[in-house]
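A.B. asks: coordinates only, sequence not included:
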């Protein structure tokens with residue numbers, strides 16, 4: 001698994017995003033809790049990509065389309 005970073009939506013919610021090259025999976029986990037809060041978060045968005053670069057693009061597109069709020 002390759003961590004591709006924390007992406008923040010226009011609404012201010014943050015998602016921890018990763019690319020899993022073995023199955024070409026892109027996942028956004030969240031929304032993340034505010035600093036100091038604890039809690040489990042699930043997969044909020046999942047798609048496929050051929051590379052880490054494409055994974056970043058797909059996460060950004062999902063945010064722009066409002067799939068991650």
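C.D. replies: Yep, that arrived. A quick note: this is a predicted structure, and the numbers were derived from the prediction, not measured.

A.B. asks: Quick test: name the residue nearest the centre of the protein.
C.D. replies: Centrality entry for the chain: nearest residue to the mean C-alpha point is residue 28, 2.4 Å, by C-alpha atoms, centre = their mean.

A.B. asks: Assign it to helix, strand or coil.
C.D. replies: Secondary structure for residue 28, judged by DSSP: H, G, I helix; E, B strand; the rest coil, is strand.

A.B. asks: Over to residue 60?
C.D. replies: When classified by three-state DSSP, residue 60 comes out as helix.

A.B. asks: That one: neighbour count?
C.D. replies: Neighbour count for residue 60, taken as other C-beta atoms under 10 Å: 13. C-beta: built from backbone N, CA, C; applies to glycine.

A.B. asks: for residue 34, same thing?
C.D. replies: Per other C-beta under 10 Å, the neighbour tally for residue 34 reads 7.

A.B. asks: State whether it is indeed within a strand.
C.D. replies: No. In this structure, residue 34 is coil, not part of a strand, as judged by three-state DSSP.

A.B. asks: Sounds good, over and out.
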